[in-house]
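[1] predicted model follows, preceded by the sequence.
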Number of protein chains: 2
Amino acid sequence: MEPIQQTYQMPTADQQLLDNGQGVIDPDVFFELNTPPSNLADFESKLTAFVDYHQEKNTRLVFITSGGTTVPLENQTVRFIDNFSNGHRGACSAEYFLDAGYAVVFMHRQFSLQPFHRHYTHNASMGFLDYLVQKDDDTIAVDSQYGNKMKDVLSKYRAATESNRLLFLDFVALSDYLFKLKSGTRILARLQERVMYYLAAAVSDFFIPSQKMHEHKIQSAGGALTLTLDQVPKFLTPLVSVWASKGLIVSFKLETDDNLLVPKARQALTRYGHQVVVANMLHTRKQTVTVITQTSQQVISLSQEDLANHVEIEDRIIPQLVRIHDGWISSDATKACQQ
Amino acid sequence: MEPIQQTYQMPTADQQLLDNGQGVIDPDVFFELNTPPSNLADFESKLTAFVDYHQEKNTRLVFITSGGTTVPLENQTVRFIDNFSNGHRGACSAEYFLDAGYAVVFMHRQFSLQPFHRHYTHNASMGFLDYLVQKDDDTIAVDSQYGNKMKDVLSKYRAATESNRLLFLDFVALSDYLFKLKSGTRILARLQERVMYYLAAAVSDFFIPSQKMHEHKIQSAGGALTLTLDQVPKFLTPLVSVWASKGLIVSFKLETDDNLLVPKARQALTRYGHQVVVANMLHTRKQTVTVITQTSQQVISLSQEDLANHVEIEDRIIPQLVRIHDGWISSDATKACQQ
């Protein structure tokens, strides 16, 4: 490996503001230039144990990424760029994948929504203690008005965890996410076509390389602030071609401009050669999505009646993806027989 | 009022990337250029009712701001700049102010830590449902291992809310925060010197005016991205001199460079003419702070024994601020007698 200094000249403070970026680096270079997260070994040992367990059982497994990644603006981070995502899509989907018999690795932004817990968190009008009452016998119980629904949620949650079918892993910053994505897909690769990669996390497109970052909190005395961010390498390229080449890969495309949505989703399928893009608009993402494959395009929408009945669109998306996964596994079996 | 176009010329897309900012605008101009949050009327009516109640009771009141503000990078926001803060200082302080007999207005970043609830949220290894067990009688109870501490927390929380001494209000974006800060301080002003403003929120120093923002999600195809952010006007100026001129104002200074900490805190006191700055370093903020007034400087630190006993530093900061508030109220009474 070349010394880092030869790849990125450490800029002076003045150059930091004037530098127009170095173009898009190669994914491998990103890993050379950034430090792995301190808990990577723990991440790997938990995931390896989970995969060992499910390899024996022959279960299907989905690797869900969920929530937004952060991009620090300072090495000693006070400020960062974040991506809008509370993790609803991923957390909600995890429950429907469990219903469909999958084991779920839920790799989420720390403190974003989580399956099952999500029904009782991130609610602006109800905090943790608002669900509880002190009883005469000096114990604390859940207020009976919440009990019926919660019994159902709690028993599904316990069933998933007790049968070791739900593993929680987390990340915060972009580099944390990318190191874990690479390591995670490589650990999962031995399950081959039985793994679905459901990449619902909202990953930053731009970042400031550590070498170009301010060391301390940026001071506000100097008037306007100019930040130059580099483009994040396209990690779908090595993920599709090397890290997870046997798995079914589902990526997401979120846009705010309707005209760009389907063209950009198709462009991604062409560029990376993976199997599925779930395309959605920021403001209607809970009511309508388009599931796009190399050869098909299906709009899934909730009706007014569905909405009135609190149907979640993931209840329709996941079965569709499971069917695509069925096809992926049998085509792989066919290929294997033909060899 | 001048038409907005005369103050800010709408830039073309090319100009957006080249513009070096317009210097620092006046706080009043900020309010002219930005749209008030849609829930401002609701905010005002809740706060007014709370102040009405406590004006009659003659209680002291603290207005706590807590958590970080966001700065959107796009009008249809997918990306934003955030400030590091989980709201620990503010949430923790609220409990000690209640202990000290204050009524508390807790204006916090949505989903940041909240008083009392904080003991059971934002815990990477324990989700909501992990505290609960299903009982044989078909009810759901808190697992007995958490019961003892929770009884204490729950009863203090209930006492605070049932006596109407704790009001939760929230914000997300910088402009949301600033409109509510202005409106809130004006509503509280009639309690005069009985109000302490405890401004613990981590407020952005830089923002992109709506008129200069990208309308849609910024596309990543173009290589590096250059962002120019304007400096946020210094809102302590009108807050100290106009909005809350009778109250005791406590601001916070967080730095990562030790050499800048006290000089910058003193500079703030000189510039704005308010009463107290609580200065703290990012990495030691839970163990040591410096409480700085126009005439004094006191370091408050936890000992190793305190840390071993889980003493929170706010348990020491709040009594010190209450003493300063005592002095503020009596000096005001003296001034009133002398008139």
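    Great, that's in hand.
[2] for chain B, what is the nearest residue in the stretch 101-250 of chain A?
    Distances between the stretch 101-250 of chain A and chain B by C-beta to the nearest C-beta are smallest at A:Ala224, namely 2.5 Å. Placement of C-beta: from N, CA and C, glycine included.
[3] touching, that residue and B:Thr226? I think so.
    No: using C-beta atoms under 8 Å, A:Ala224 makes no contact with B:Thr226, being 11.9 Å away.
[4] quick one: contacts for the residue lying closest to A:Arg79 once chain neighbours are set aside?
    Ranked by C-beta to C-beta, 6 or more residues apart in numbering or on different chains and with sequence neighbours excluded, the top spatial neighbour of A:Arg79 is A:Leu73, at 4.5 Å. Going by C-beta atoms under 8 Å, 6 or more residues apart in numbering or on different chains, A:Leu73 touches A:Arg79, A:Phe80, A:Ile81, A:Ile208, A:Met213, A:His214, A:Ile218, A:Leu227, B:Ile81.
[5] kindly recompute the last result at 10 Å.
    Taking C-beta atoms under 10 Å, 6 or more residues apart in numbering or on different chains as the criterion, A:Leu73 is in contact with A:79-81, A:207-208, A:213-214, A:217-218, A:225, A:227, A:229, B:81-82, B:206.
[6] let me know the closest of the residues you listed to B:Val278.
    Nearest to B:Val278 out of these is A:Lys217 (C-beta to C-beta; 16.4 Å).
[7] per-residue confidence for that closest one?
    A:Lys217 is assigned a predicted lDDT (pLDDT) of 69.
[8] what do you get for A:Ser331?
    88.
[9] what do you get for the one 4 residues further on?
    The pLDDT attached to A:Lys335 in the predicted structure is 69.
[10] compare the contacts of A:Leu73 and tell me which has the most neighbours.
    Using other C-beta atoms under 10 Å in any protein chain shown as the neighbour criterion, A:Phe207 leads these with 26 neighbours.
[11] residues in contact with it?
    A:30, A:34, A:69-73, A:81, A:173-175, A:178, A:213, A:229-233, B:225.
[12] any idea how far A:Glu314 is from A:Lys149?
    Noted for A:Lys149: a distance of 18 Å to A:Glu314, by C-beta to C-beta, to the nearest Å.
[13] can you pull the residues of the stretch 201-339 of chain A lying near chain B?
    A:202, A:204-207, A:214-232, A:234, A:254-257, A:259-260, A:264, A:267, A:281-283 (C-beta under 10 Å from any C-beta of the partner chain).
[14] please redo it, this time with the cut-off set to 6 Å
    A:205-206, A:216-217, A:220, A:223-231, A:256-257 (C-beta under 6 Å from any C-beta of the partner chain).
[15] okay, A:Lys149 and A:Glu314: which has more neighbours?
    Neighbour count, other C-beta under 10 Å: between A:Lys149 and A:Glu314, A:Glu314 has more, with 23 against 11.
[16] quick check: phi and psi at the more buried one.
    With angles defined as degrees, to the nearest 10, A:Glu314 shows backbone torsions of phi -60, psi -20.
[17] ok, it to chain B distance?
    Computed as C-beta to the nearest C-beta, to the nearest Å, the A:Glu314 to chain B distance reads 19 Å.
[18] hmm, A:Tyr96 and that residue touching each other?
    Yes: assessed by C-beta atoms under 6 Å, A:Glu314 is found in contact with A:Tyr96 at 5.0 Å.
[19] so where do the strands sit in the stretch 1-150 of chain A?
    Under the criterion DSSP state E, counting those that start in this stretch, the stretch 1-150 of chain A contains strands at A:61-66, A:71-72, A:79-83, A:103-109, A:132-134, A:140-142.
[20] confidence score at the closest residue in space to A:His88 that isn't next to it in sequence?
    Distances taken as C-beta to C-beta, 6+ apart place A:Leu113 nearest to A:His88, at 5.5 Å, with adjacent residues excluded. A:Leu113 is assigned a predicted lDDT (pLDDT) of 97.
[21] with A:Val195 instead?
    98.
[22] count the residues that sit near it.
    26.
[23] can I assume it is in contact with A:Leu248?
    No: under the criterion of C-beta under 6 Å, A:Val195 makes no contact with A:Leu248, lying 7.4 Å away.
[24] buried among the contacts of A:Phe207? Make that a PyMOL selection.
    Here is the PyMOL selection string for the buried members of those, based on 16 or more other C-beta atoms under 10 Å in any protein chain shown:
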select buried, (chain A and resi 30+34+69+70+71+72+73+81+173+174+175+178+213+229+230+231+232+233) or (chain B and resi 225)
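[25] so A:Leu236 sits against A:Gly273, correct?
    No: applying C-beta under 6 Å as the test, A:Leu236 and A:Gly273 come out as separate, 9.1 Å apart.
[26] how close does A:Val203 sit to A:Pro27?
    13 Å.
[27] with that, I have no additional questions.
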